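Asker: Let's see this in three dimensions:
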Amino acid sequence: MTARPTRPRPTRIQAIDIFRGLSILEVVSHHVLGFSIRFSTENSHLHAFLIFLNRSLHFAVPAFLFMTAVVFTQAAVLKPFNVRRFYWGRVKKSLMPYVIWTLLYGIYKIEVFGGDLLDWQKWLFWLQYGKGYYHLYFLLIALQFYALFPLFVPIWKRKERHFWRVVLISFALQIGVYLLNKETGIIDFRYPATMVWWYMPALALGMYFGSRYREFEWVWRNYRLYIFIGAAAGYAFYLPLAFNAMLGLPVNNYQYNIAHWIFTTSFALMLFGLAHSFARGPDWFKGPLGFLGKHSLQIYLMHPILLDGFKKLGYPSSPFLFMLTFVVYVALALLVPLGLAYAIRNTRLSVWLFGR
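Answerer: This next block holds a predicted model:
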């Protein structure tokens with residue numbers, strides 16, 4: 001009698017791709033919701049539900065930054081770190097696509113909304129603050145992280161690090177940056193959300209678990225309930241403030257930012273754990289998520305153009321048809337860029353546009 005074959009143990013790469021797949025589902029849904037709310041009747045149940053979904057799906061950038069920190073820190077601690085090779089790789093794979101997409105979206109904005117194509121001050125502003133289009137600031141934050149990353153490598157190569165110490169120090173530093181920027185005026189971030197210093201908890205925990213990946217796998221197996229409880233607490237703290245802010249009601253800015261940092265960081269950890277659990281699932285489930293994750297950057301960069309077209313199409317008045325249309329818009333915003341990215345894979349154009 002032959003032994004029953006055992007299911008192969010999922011690799012870390014699978015979990016990382018699934019995490020990115022879940023994150024790109026979140027960010028596309030969040031962006032579609034952003035314009036869909038305007039087509040619903042104010043004070044209706046549908047309007048409130050869309051705002052609820054939109055604010056619930058407001059953790060994409062910290063989540064992607066968390067995973068970026070995990071991946072690069074893991075690579076840095078497992079083998080000798082070459083600063084020159086690291087920076088040159090980021091120039092080719094990150095800086096070049098950022099500049100190219102800023103140019104493409106800048107030309108698109110000027111053609112659609114008007115403006116002077118030769119206004120160099122506008123171009124400099126877009127590049128400096130990630131304002132070429134509303135989603136490009138993520139690439140700018142990632143570039144800032146890459147610029148600073150070699151300074152952190154010696155810290156994470158050391159073994160004597162403690163989880164709660166990292167959590168407390170990162171949140172204390174984050175609050176300190178907030179106070180220096182908002183209360184004292186000692187520093188003045190024109191657009192704080194475009195600065196790497198606005199995402200320290202997510203980045204710190206990403207580097208922590210990147211430097212000791214096996215510890216997260218052990219933590220998730222043994223303490224996932226506490227991660228869920230922490231995420232639920234952060235969500236409960238954040239959602240009422242975010243909901244009121246969307247309605248235009250007064251909200252304490254300090255409380256809002258604290259809640260957002262707790263919510264996004266805890267959700268990034270939870271999503272990371274779920275990705276590891278999903279990596280042990282059947283191929284029909286984890287395969288599409290992993291495939292989305294492998295092409296998440298391409299989808300992220302291309303999908304806003306489609307959303308501009310969807311805005312012109314609008315929504316039907318029926319709540320059922322409204323939600324059905326929303327699902328179709330999300331699916332198209334994922335699948336069309338995915339198809340284009342897959343069509344030009346392994347070409348020089350893909351390398352220029354996406355760095356891969």
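Asker: So which elements touch the helix or strand hosting residue 335?
Answerer: Using DSSP states H and E, residue 335 maps to helix 319-343. With contacts defined as 3 or more C-beta pairs under 8 Å, 6 or more residues apart in numbering; DSSP states H and E, helix 319-343 has these neighbours: helix 12-36, helix 45-56, helix 283-294, helix 296-313. (Each C-beta comes from the backbone N, C-alpha and C, glycine too.)
Asker: Reformat the ones you listed as JSON lines; add mean pLDDT.
Answerer: As requested, the helices and strands packed on helix 319-343 are exported to JSON lines (pLDDT from 0 to 100):
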{"stretch": "helix 12-36", "mean pLDDT": "92"}
{"stretch": "helix 45-56", "mean pLDDT": "93"}
{"stretch": "helix 283-294", "mean pLDDT": "91"}
{"stretch": "helix 296-313", "mean pLDDT": "94"}
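Asker: Most tightly packed of those helices?
Answerer: Stretch with highest mean neighbour count among the helices and strands packed on helix 319-343: helix 12-36 (a mean of 22; mean count of other C-beta atoms under 10 Å).
Asker: Quick one: distance of that one to the chain centre.
Answerer: 8 Å (C-alpha atoms, centre = their mean, to the nearest Å).
Asker: can you pull out the helices in the stretch 51-200 of the chain?
Answerer: With helices called from DSSP state H, counting those that start in this stretch, the stretch 51-200 of the chain shows them at 60-78, 83-90, 96-113, 120-129, 137-157, 163-179, 200-211.
Asker: Low-confidence regions, the stretch 51-200 of the chain specifically.
Answerer: Applying pLDDT under 70 to the stretch 51-200 of the chain flags the ranges 159-161, 183-185.
Asker: Recalculate using a threshold of 80.
Answerer: 78, 115, 157-161, 182-189 (pLDDT under 80).
Asker: Which residues lie in contact with the closest residue to residue 310 other than its chain neighbours in this structure?
Answerer: Spatially, and ignoring its direct neighbours in sequence, residue 310 is nearest to residue 329 (4.9 Å; C-beta to C-beta, 6 or more residues apart in numbering). By C-beta atoms under 8 Å, 6 or more residues apart in numbering, the residues touching residue 329 are 32, 36, 307, 310.
Asker: wait, residue 330 sits on residue 28?
Answerer: Yes - at 5.8 Å, residue 330 counts as touching residue 28 under the criterion of C-beta atoms under 8 Å.
Asker: biggest helix in the chain by residues?
Answerer: helix 213-246 (DSSP state H).
Asker: counting contacts, what elements does the following helix or strand past that one pack onto?
Answerer: Downstream of helix 213-246, the first helix or strand assigned by DSSP H and E is helix 253-278. With contacts defined as 3+ C-beta pairs under 8 Å, 6+ apart, helix 253-278 has these neighbours: helix 12-36, helix 60-78, helix 163-179, helix 200-211, helix 213-246, helix 283-294.
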